[in-house]
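Asker: What shape does this take:
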Amino acid sequence: MKKNEIVPTLIIIAFFGLMLIHAMGLRFVKRFGEMGSGFWPILILAAAFLLSILLLISHLIKFQRERKQAPEERSTSSEEGIDLKNRRKRLALSVVCLLGYILLMPWIGFVLSTLLYVFAFILALGERRRLILAISPFLVTGLTVIVFAKLILMPLPRGVDIFAAFSRLIY
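Answerer: Sure thing, here's the model as predicted:
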């Protein structure tokens, strides 16, 4: 653990904090018993802000532990270079997966693009267990459709032509 993990965490905390402050301007409750347009953004941003603070605390504790170790016990620079290269590769693959997801969704719809995205994303992160690769895309997509399309009644992209017909079968 190095200082280079603390700085991005501070940036993330600042981002979520500013977005949370901005979201407070949205209406939290419309009428009694009804959630306003600000409920979900405020809830999610508050959770992300608190989780980011917990992440910072864990990074600081880890940093303090490593500072107390003897210099010979610390990892070598070649191992850190290999780890940094792998992390950058995973980040680049994750960004490519996200861009592909965003670009494909209007044409093939939410369900199929989410299935493909989750599968590609967990492959990009290095997961190789076949059971996880087989179950995760369907589980994540199913839960997302249930929460957003059925519970919140949010319209999701259906795609065009045959993909739209397929999406109508599901939601």
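Asker: use CA for all of it now, contacts and neighbours both
Answerer: Noted.
Asker: so where's this protein shaky on pLDDT?
Answerer: Low-confidence segments of the chain (pLDDT under 70): 1-3, 27-37, 70-81.
Asker: Domain boundaries for it, per the record?
Answerer: Domain assignment for the chain, taken from automatic domain parsing, gives 1-73, 75-171.
Asker: For the top helix by length along the chain, which helices and strands make contact with it?
Answerer: In the chain, with assignment by DSSP state H, the single longest helix is helix 77-124. Helices and strands touching helix 77-124, by 3 or more CA pairs under 8 Å, 6 or more residues apart in numbering; DSSP states H and E, are helix 130-145, helix 162-170.
Asker: So which of the ones you listed is nearest Leu153?
Answerer: Closest approach to Leu153 among the helices and strands packed on helix 77-124 is made by helix 130-145 (9.7 Å; CA to CA).
Asker: so how far is the closest one off the chain centroid?
Answerer: 15 Å (CA atoms, centre = their mean, to the nearest Å).
Asker: Could you do stretch 91-98 as well?
Answerer: 12 Å.
Asker: list the buried ones in it?
Answerer: Across stretch 91-98, burial judged by 16 or more other CA atoms under 10 Å covers Leu93, Ser94, Cys97, Leu98.
Asker: For Leu156, give me phi and psi.
Answerer: Leu156 has phi and psi values of phi -110, psi 150 when expressed as degrees, to the nearest 10.
Asker: ok, now Ile152?
Answerer: phi -90, psi -20.
Asker: List the contacts of it.
Answerer: By CA atoms under 8 Å, 6 or more residues apart in numbering, no residues touch Ile152.
Asker: now Ala134
Answerer: Applying CA under 8 Å, 6+ apart to Ala134 gives no contacts.
Asker: Burial check on Ile61, number of neighbours?
Answerer: Number of residues near Ile61 (other CA atoms under 10 Å) recorded here: 12.
Asker: Work out for me the element it sits within.
Answerer: Under the criterion of DSSP states H and E, Ile61 resides in helix 39-68.
Asker: three-state assignment of Arg158?
Answerer: coil (DSSP: H, G, I helix; E, B strand; the rest coil).
Asker: Now do the contacts for it.
Answerer: Arg158 is in contact with Pro106, Trp107, Ile108, Gly109, Phe110, Val111, Ala164, Ser167, Arg168, counting by CA under 8 Å, 6+ apart.
Asker: Next: Glu5.
Answerer: Contacts of Glu5 (CA under 8 Å, 6+ apart): His59.
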